[in-house]
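[1] structure for the following, please:
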Amino acid sequence: MQQHPIGVVDEEGNVYTLRAPPIGRGAQGAVYLTTTPHVAVKILTGGVPPEAERQPGGSAERLWTRLTQAPPGERAPGGPAGTAELRKRLEDVRLLPLPDLHLAQPLSLLRGQAGYTMRLLTGMVPIRTLIAPPGTKDLAAFYQETGGLRRRLDLLAEAARLLARLHGVPLVYADLSLNNVFVSEEVDGRALWLIDLDNLDFLSRSGRCIYTPGFGAPEVVRGGGVTTLSDAWAFAVLAFWMLAQVHPFLGDHVEEVGWDEDEDREKQAYAGELPWIEDPTDDLNRSSTGLPRDLVLSPPLRALFERMFGPGRTEPTRRPGLGEWAEVLLRAADRIVTCGCGATFDVTAQACPFCARRPAFLYLQVNRWDPAYDEDEKLAIGGRPVWNQILNPFPEATIRRHVVEALAAEDPDPEVLRVRSVPAGIALEPVVGGPPVRLVTGGRIALLEREQRLPLPVPGKEVYLHFGPLDRPHRIGVLRWYAP
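    Now for the predicted structure:
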């Protein structure tokens, strides 16, 4: 029978009643919500006992069980040794130059056992809630009901930006998994936090072998230390699993053998000794499960996964970093069309994959504009777009800073402009405190200072927006309305 603690006391004498079962499990412990608002508790564990390592079922089912359920017989290590080691780690974390990010930092140690409290927003759930449990019958319905493709791309882009900022310090997160990334419980929520910061450390000091089953980079599984490159591997595993709803290394070759027949293939998969399920040159480990890859992975995103799980499987230095992941994910998210049925899909699809309709949408094409080229605005606009965004103005869409100017991963990305549908047209509203936006109407250029209502920008009657001073190079956007 599984054992769950009922309550804990921290060093300051505060009593917390834990809610069982745990909401998350990492390589070294379990995280519990408490009856106290905004406070969660992590209790370090002694690891998975040998008898819990092998369980009936397929590899994907076993991995899911290990990640979501506390195995029988597991106990939290107590005594002064475990507490002293944890205290040292948490004191080190408090001294780290952490940027102002959504990080659930440790608050206080527990009495009598190795664990600590952390602050966590209410209404947050593990990101694994966006991954269907093995055996889910209607995968497409689950995908759509949990926010669809657009929400997943938005959240993954935010996670990549957050990790890229940590790597820029440089800090290593060490144990990224589907249990220590938390997101808004609401389907339309976009908040994202990282918990389990006790393994956070400087890159130069990170020599420990820490990972959650299924997420460890090959070199870490073989006993090597964690690095920013192993963080990138774990992130890519999470991203592919979320988007395609299948683990990138648990293909049919791994699943076709029974748990009591051959466990070598499963170990080889986690150690990166088998090709990933979408390897373009090796069909050995293809998977017949998950969502169609062409529906959920844009070509640039698919290329990143191939670099990570192809050459990056054996050569860590060839893996794309989190800054690159953030940009590609942002670009993929901004290409998404929202259908009236609620589904979201890439703009290159001929129609909605769920209802076969072709919804109308606004398209924002962003180019470079340089006044030094020519006084004729058309010649001053660069020929190749630097960004593209699909906007659904029903009821409102937003344009963020990354669309209107080049950003580094560590830069804030606030809203710049809101776009909504009004009778016979659209309304543009600048965000208070945002950069200046200039609107071109009737051949005249004027600063957009308040909401402006405009006719529908059908082809031939486009709306032009300058995102910078007119006497210096900047980005310019062209809004067009597309209807089936």
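
[2] what's the average pLDDT for whichever strand or helix holds Val403?
    Take DSSP states H and E as the rule and Val403 turns out to sit in helix 401-404. Throughout helix 401-404, pLDDT has a mean value of 95.

[3] do stretch 216-223 as well
    Averaged across stretch 216-223, the pLDDT comes to 94.

[4] go on, stretch 138-146?
    Stretch 138-146 shows a mean pLDDT of 95 in the predicted model.

[5] for that stretch, C-alpha coordinates in CSV please.
    Output of stretch 138-146 as CSV, limited to C-alpha atoms (Å, rounded to 0.1, in the frame of the first residue of the first chain):
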residue,chain,number,x,y,z
ASP,A,138,-9.9,9.8,-28.1
LEU,A,139,-6.5,11.5,-28.3
ALA,A,140,-7.8,14.3,-30.6
ALA,A,141,-10.6,15.2,-28.2
PHE,A,142,-8.2,15.2,-25.2
TYR,A,143,-5.8,17.5,-27.2
GLN,A,144,-8.5,20.0,-28.1
GLU,A,145,-10.1,20.0,-24.6
THR,A,146,-6.8,20.8,-23.0
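
[6] any chance you could list what contacts that stretch?
    With contact meaning C-beta atoms under 8 Å, 6 or more residues apart in numbering, stretch 138-146 is reached by Thr129, Leu130, Ala132, Thr136, Leu149, Val187, Gln245, Gly290, Leu291, Gly342, Ala343, Phe354. Backbone N, C-alpha and C define where each C-beta goes, glycine included.

[7] ok, and the most crowded of those?
    If you count neighbours using other C-beta atoms under 10 Å, the busiest of those is Leu149, which has 27 neighbours.

[8] show me what contacts that one?
    Going by C-beta under 8 Å, 6+ apart, Leu149 touches Tyr143, Leu243, Leu295, Val296, Ile336, Thr344, Phe345, Asp346.

[9] which parts of this protein are helices?
    Along the chain, counting by DSSP state H, helices occupy 59-68, 79-95, 139-145, 148-167, 218-221, 228-244, 252-255, 264-270, 293-296, 299-309, 311-314, 322-333, 377-380, 401-404.

[10] tell me the angle the first one makes with helix 228-244.
    Between helix 59-68 and helix 228-244, the angle formed by their directions is 110 degrees, by axes from the mean of the first three to the mean of the last three C-alpha atoms, to 10 degrees.

[11] helices and strands around helix 59-68, which ones?
    Packed against helix 59-68 by the contact rule (3 or more C-beta pairs under 8 Å, 6 or more residues apart in numbering; DSSP states H and E) you find strand 15-25, helix 252-255, helix 264-270.

[12] related to what we said a few turns ago, and which of the contacts of Leu149 is nearest Pro97?
    Proximity of the contacts of Leu149 to Pro97 (C-beta to C-beta) peaks at Leu243, which lies at 32.6 Å.

[13] neighbours of the closest residue to the closest one other than its chain neighbours, how many?
    What sits nearest to Leu243 in space, not counting adjacent residues and going by C-beta to C-beta, 6 or more residues apart in numbering, is Val296, at 4.7 Å. Neighbour count of Val296, defined by other C-beta under 10 Å: 24.

[14] OK, contacts around Val296?
    For Val296, the contacting residues are Leu149, Leu243, Ala244, by C-beta under 8 Å, 6+ apart.

[15] could you do Ala269 as well?
    If a contact means C-beta under 8 Å, 6+ apart, then Ala269 has Ser59, Phe249, Leu250, Gly251, Val254, Asn285 as its contacts.

[16] from Asn199, how far out is Leu171?
    From Leu171 across to Asn199, the span is 10 Å (C-beta to C-beta, to the nearest Å).

[17] residues contacting the residue nearest in space to the middle of the chain?
    With the centre of the chain defined as its mean C-alpha position, the nearest residue by C-alpha atoms, centre = their mean is Leu156, 1.8 Å away. The neighbours of Leu156, taking C-beta under 8 Å, 6+ apart as the test, are Leu238, Ala239, Met242, Leu243, Trp325, Leu329.
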